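1. Just to be clear, the model below is a prediction. Sequence and coordinates:
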Amino acid sequence: MNKQVYGIGGIKITVATESPLMHWNREAIKVNIELLKNSHYVVLDIETTGLSPKTGGRIIEIGAVRIVNGEVTDEYQTFIDPQMKISSKTTELTGITGAMVAGQRTIGQVLPEFQQFIGDAVVVCHNAKFDWTRFLHPAFKDVGLHLNNQVMCTYEMFRKADPGRGKGGYTLLTLCTMFGVKIKNHHRAIDDAIATAEAFIGIQKELVDVSTIQKAEPIVKKAIEHTEVSVKRVKYWEKRVSPKQMMRRHYISLTNGSDFGTVYFDITTQTWYNKDFEKPLDFSVVQVKVMEFLSLKSLMDLCSYKN
């Protein structure tokens, strides 16, 4: 129960107001409530060209907000070049055009920087199965970053705590309306992330005694995990994808003695990707080992190498 104080003729009157979460079943979200007792969160949202990477969907915008000790302290936003045409349907939904992403960094170039922004935070999404599980977490693994952050989904928490709303009853817009939060540009990643963060802070204040949360500064930088490997083979590959565009890569076979797998270096963007090596990799280390294997002295030599 919330309280509002009104002054009438010099007399203060306290009026109880209904909590926006008064109908929520706290018992059903005990795990979420425990996570609400943390001091550092990164609330994120993405926009994509489709519903799944398996059917060609790619990330075109990442938006994120850092919350420390119950307050927004930082924001992160970037467009991403999907290296494909953006459909009119995607533009209609998000307002993002091909011109807005053309020439921007690729996902492989963005993610190491974004990992530094996330740090050790609890990751918060409204529909984590889409943003985190389906898109971002696999994308991080593709560039050698194995994140193990705890994840909260405000959509799932809403659904478990207040069942029976029916299809469409748990949207971000519905949640934000409960807390009087307005979304500036719905279906733009940064604006949805900001709105989710504001609603999340409201949820935290309703469900947790914030005065009991231990204040702390976030650890932003996290060391990149790495498995010691040796290079077994390097193979240059190229394919013309359009009259003006050539795809050029080096495919590298790696082993750690018991496991084998392949990574590749995209020459055009100078970005490393993990194809199927199951262990964590630090690609700055992999790059050094590849150059030693090929007896090359510089990144320029690696980009021009053919065999």
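-> Sure, I can see it.
2. and residue 250, that's in a strand?
-> Yes: according to DSSP: H, G, I helix; E, B strand; the rest coil, residue 250 belongs to a strand.
3. show me the residues around it that make contact.
-> With contacts defined as C-beta atoms under 8 Å, 6 or more residues apart in numbering, residue 250 is in contact with 234-237, 264-265, 267, 290, 302, 305. In this view, the C-beta of every residue, glycine as well, is placed from N, C-alpha and C.
4. Just the buried residues from those, in ChimeraX please.
-> Buried residues among the contacts of residue 250 (16 or more other C-beta atoms under 10 Å), as a ChimeraX selection:
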select :234,264,265,267,290,302,305
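5. could the contacts of residue 250 go into a markdown table alongside distance to residue 41, pLDDT and secondary structure?
-> Shown next, in a markdown table, are those (distance: C-beta to C-beta, whole Å; pLDDT from 0 to 100; DSSP: H, G, I helix; E, B strand; the rest coil):
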| residue | distance to residue 41 | pLDDT | secondary structure |
| --- | --- | --- | --- |
| 234 | 42 | 98 | strand |
| 235 | 43 | 97 | strand |
| 236 | 44 | 98 | strand |
| 237 | 41 | 97 | strand |
| 264 | 34 | 97 | strand |
| 265 | 34 | 97 | strand |
| 267 | 38 | 96 | coil |
| 290 | 37 | 97 | helix |
| 302 | 39 | 97 | helix |
| 305 | 44 | 97 | coil |
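6. Just name the closest of the contacts of residue 250 to residue 28, please.
-> Taking C-beta to C-beta as the measure, residue 28 lies nearest residue 264 of the contacts of residue 250, at 44.9 Å.
7. Distance of that closest one relative to residue 209?
-> 50 Å (C-beta to C-beta, to the nearest Å).
8. Going by residue numbers, what spans are strands in this protein?
-> Listed in chain order, the strands of the chain (DSSP state E) span 2-8, 11-17, 40-48, 59-68, 71-79, 122-125, 151-153, 230-242, 245-255, 260-266, 271-274.
9. so of those, which one's packed in deepest?
-> strand 40-48 (a mean of 25; mean count of other C-beta atoms under 10 Å).
10. Can you give the distance from that one to the centre of its chain?
-> 5 Å (C-alpha atoms, centre = their mean, to the nearest Å).
11. how far off strand 71-79 does that strand point, in degrees?
-> 30 degrees (axes from the mean of the first three to the mean of the last three C-alpha atoms, to 10 degrees).
12. helices or strands up against strand 40-48?
-> For strand 40-48, the elements it packs on are strand 59-68, helix 88-94, helix 107-118, strand 122-125, helix 189-207, judged by 3 or more C-beta pairs under 8 Å, 6 or more residues apart in numbering; DSSP states H and E.
13. Dump these to a markdown table, plus distance to residue 280.
-> Listed next are those as a markdown table, based on distance: least, C-beta to C-beta, whole Å:
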| stretch | distance to residue 280 |
| --- | --- |
| strand 59-68 | 21 |
| helix 88-94 | 32 |
| helix 107-118 | 12 |
| strand 122-125 | 18 |
| helix 189-207 | 27 |
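14. closest one to residue 18 among these?
-> That would be helix 189-207 among those, by C-beta to C-beta, at 11.4 Å.
15. Flag the shaky bits of the stretch 201-307 of the chain, pLDDT-wise.
-> The stretch 201-307 of the chain contains residues with pLDDT under 70 at 218-222.
16. how about JSON lines for the strands of the chain, with distance to residue 188 added?
-> What follows is those, written out as JSON lines (distance: least, C-beta to C-beta, whole Å):
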{"stretch": "strand 2-8", "distance to residue 188": "31"}
{"stretch": "strand 11-17", "distance to residue 188": "32"}
{"stretch": "strand 40-48", "distance to residue 188": "7"}
{"stretch": "strand 59-68", "distance to residue 188": "7"}
{"stretch": "strand 71-79", "distance to residue 188": "9"}
{"stretch": "strand 122-125", "distance to residue 188": "15"}
{"stretch": "strand 151-153", "distance to residue 188": "20"}
{"stretch": "strand 230-242", "distance to residue 188": "29"}
{"stretch": "strand 245-255", "distance to residue 188": "28"}
{"stretch": "strand 260-266", "distance to residue 188": "28"}
{"stretch": "strand 271-274", "distance to residue 188": "25"}
